[in-house]
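[1] build the 3D model from these lines:
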Amino acid sequence: MVKRSHGVFFLLSALLLAGCSQQRPTGTAPEAAVRPSHVMQVRVPVGSTREQVEAMYGAPALMFDAAEGYAVLGLSDAQASGSGLRALNLAGTPESNLNAFSADTMATMQGRSVWIQGDFGTWTAEGRSVWIQGQYGLIPENTTNFQTIRLEQAHSLAPKLGAGVKVAVIDTGVDVDHPAFAGSLAPASEWRDFYAADNNPDEEGVLGEGGYGHGTGVAGIVLQVAPKATILPLRVLGPDGSGDVLHVAQAIDWAVARGAKVINLSLGSTERSAVVQEAIKRATEKHNVLVVASAGNDNRASISYPAYDMAAGPSGERSLSVGSLDTSWNKSSFSNYHANLELNAPGESVYSPAPDGMMAAWSGTSMSAPMVAGGLALALGQGVRVPLKDVTKKMAETGFDVYNNGQNQPYKDKLGKKGLLNLAAFLRDVL
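    Here you go, the predicted structure:
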């Protein structure tokens, strides 16, 4: 089946299933996505129009907000090298745009099964619980992963289960027809596919190849942690799991404008993008949105961008970088580590919905990040008693200490202050 997939290895359990469908957006045929070779953010003089800025620089303003005082220009190779731009006092530095971000997907498939669990709403209807005598009833295979982060206790502490909180999943898209997501997606009028320049953020690809299913899995993990949250699906990565700087930044602005309170970025780049970082700063500093980013899967002593910048500056007050541990609290063999890494969650063999009515088990820091995003949604759904700027800091500080008993000594102080997400302790601290 062709549809429209960070940090992952997945064991795919799947079979086609005719499921319920959400109402899809309709409209005219889409235009091709704009993909300049380079982008650059510039300051916009007070009172300027888009046309004036474009005339000033001799380049299209692909993002423009006079009120916020910025524009993002699309540049050719020649313009990026310094020729062809009319304005010489540039406020930024050109950066490469094309395929700068990746979901770093590696995939294998073992076994097949049908998604028969129904939708998240049914499992959390009044009087029902996803927990049955200590077992995670929706997907029993996830019991150990979720007990590790104290999710059962968290659901008791936050019984609204994230209701009223919109979580933007900026990724390879989401299988919007998957029966698991019935009633859990934002209105179709809010969806966007920046990669294909249309309003249908469905996954696209071939089973077992590239990034296909990545965003669907991420969205499913958010909803397993916060079953009554709302997912805003935004596609920025193509079938091979890669995507452009411009589309990631546009998606962040789009999510903020449509009321997302949490943004999940299970993607990364080896290079810092000023354009994306400025979009995150606008979200966190000006709009109080909480942003989570995965650390990457190269087992190296550095973490991906934008996760690397999450711990620093004002945006660090409302954002978190997330790596992966196993359920014995040891660093996952693939997970990156660094002093800027703030928190970890289980990221090995995490089961979640997959495209075409299927279920898959995934591994990677991409699967750890949405556990954190879902935990933030649980807190926001209840209403926190601490300043919003302190919420992510509290989550990092209330984690389990993964350096005790000689564990993770080679990575001392490179897995966060404490290290492992403890949702129960976090919620007790902020609610």
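[2] where do the helices sit along the stretch 1-150 of the chain?
    50-57, 77-80, 120-123, 143-148 (DSSP state H, counting those that start in this stretch).
[3] quick one, what contacts the closest residue in space to residue 225 that isn't next to it in sequence?
    Of all residues not flanking residue 225 in the chain, residue 374 sits nearest, at 2.7 Å (Cβ to Cβ, 6 or more residues apart in numbering). The way it works is simple: take the backbone N, C-alpha and C, and place the C-beta from them, glycine included. Residues near residue 374 by Cβ atoms under 8 Å, 6 or more residues apart in numbering: 162, 167, 221-226, 229.
[4] minimum distance to residue 204: which of the helices of the stretch 1-150 of the chain has it?
    Closest to residue 204 of the helices of the stretch 1-150 of the chain is helix 120-123 (Cβ to Cβ; 23.8 Å).
[5] could you say what helices and strands that closest one packs with?
    For helix 120-123, there is no helix or strand it packs on, judged by 3 or more Cβ pairs under 8 Å, 6 or more residues apart in numbering; DSSP states H and E.
[6] let me see the contact set for residue 164.
    Residue 164 is in contact with 228, 230, 381, counting by Cβ under 8 Å, 6+ apart.
[7] and which of those residues is nearest residue 208?
    residue 230 (29.9 Å).
[8] partner residues bridging that closest one?
    With DSSP bridges as the criterion, residue 230 is bridged to residue 166.
[9] per-residue confidence at it?
    Turning to residue 230, the model gives it a pLDDT of 98.
[10] again, but for the one 5 residues further on
    Residue-level confidence at residue 235 comes out at 98, pLDDT.
[11] count residues in the vicinity of it, would you?
    Using other Cβ atoms under 10 Å, residue 235 has 28 neighbouring residues.
[12] which residues does it contact?
    If you count contacts by Cβ under 8 Å, 6+ apart, then residue 235 has 4, 171-174, 192-196, 201-203, 215 around it.
[13] could you redo the last one with a cut-off of 7 Å?
    4, 172-173, 193-195, 201 (Cβ atoms under 7 Å, 6 or more residues apart in numbering).
[14] which one of those has the most neighbours?
    Result: residue 172 is most packed of these (other Cβ under 10 Å), 39 neighbours.
[15] that one and residue 233, how far apart?
    Distance of residue 172 to residue 233, computed by Cβ to Cβ, to the nearest Å: 10 Å.
[16] and for residue 146?
    Residue 146 is 23 Å from residue 233, by Cβ to Cβ.
[17] between those two, who's got more neighbours?
    Higher neighbour count among residue 146 and residue 233: residue 233, with 30 against 27, using other Cβ under 10 Å.
[18] just list the residues touching that one, thanks.
    Residue 233 neighbours (Cβ under 7 Å, 6+ apart): 169, 173-174, 176, 185, 191, 201, 219.
[19] any chance of the residues you listed in a markdown table, plus pLDDT?
    Listed next are the contacts of residue 233 as a markdown table, based on pLDDT from 0 to 100:
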| residue | pLDDT |
| --- | --- |
| 169 | 98 |
| 173 | 97 |
| 174 | 97 |
| 176 | 97 |
| 185 | 98 |
| 191 | 98 |
| 201 | 98 |
| 219 | 97 |
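[20] residue 48: which of those residues is nearest?
    Nearest to residue 48 among the contacts of residue 233 is residue 191, at 30.9 Å by Cβ to Cβ.
[21] what count of nearby residues applies to the closest one?
    25.
[22] do the same with residue 301
    11.
[23] OK, contacts around it?
    Contact partners of residue 301, counting by Cβ under 7 Å, 6+ apart, are 337-338.
[24] ok, now how distant is it from residue 205?
    As judged by Cβ to Cβ, residue 301 and residue 205 stand 32 Å apart.
[25] show me the strands in the stretch 51-200 of the chain, by range?
    Applying DSSP state E, counting those that start in this stretch to the stretch 51-200 of the chain gives strands spanning 61-65, 70-75, 95-96, 101-102, 105-108, 131-132, 135-136, 166-171, 192-193.
[26] and the fourth one, what does it pack onto?
    Looking back up the chat, that one is strand 101-102. Applying 3 or more Cβ pairs under 7 Å, 6 or more residues apart in numbering; DSSP states H and E, one finds that strand 101-102 contacts strand 242-243.
[27] any idea how far the helix or strand just after the strand it packs on is from the chain center?
    Using DSSP states H and E, the helix or strand that directly follows strand 242-243 along the chain is helix 245-257. Per Cα atoms, centre = their mean, to the nearest Å, the displacement of helix 245-257 from the mean C-alpha position of its chain is 12 Å.
[28] centre of the chain versus whichever helix or strand comes after helix 245-257, how much separation?
    As assigned by DSSP H and E, the chain's next helix or strand after helix 245-257 is strand 262-265. Strand 262-265 has its C-alpha centroid displaced from the chain centroid by 4 Å (Cα atoms, centre = their mean).
[29] just the buried positions in strand 262-265, please.
    Residues of strand 262-265 classed as buried by neighbour count (16 or more other Cβ atoms under 10 Å): 262-265.
[30] which element is residue 279 on?
    Using DSSP H and E, residue 279 sits within helix 274-281.
[31] what sits against the nearest residue to residue 102 once chain neighbours are set aside?
    Using Cβ to Cβ, 6+ apart and skipping the chain neighbours, the partner closest in space to residue 102 is residue 242 (4.8 Å). Going by Cβ under 7 Å, 6+ apart, residue 242 touches 99, 101-102.
[32] which one of those residues sits in the busiest neighbourhood?
    residue 101 (27 neighbours).
[33] which residues does that one bridge with?
    residue 243.
[34] and it, what does it touch?
    242-243, 245, 248, 267-269.
[35] now find how far off-centre stretch 141-156 is within its chain.
    21 Å.
[36] just the terminal-to-terminal distance for it.
    21 Å (Cα to Cα, to the nearest Å).
[37] use 886 as the first number from now on
    That works, and once the first residue is 886, the last one we named lands at stretch 1026-1041.
[38] buried residues, that stretch. List them.
    Neighbour-count burial for stretch 1026-1041 [16+ other Cβ under 10 Å]: 1027-1028, 1030-1040.
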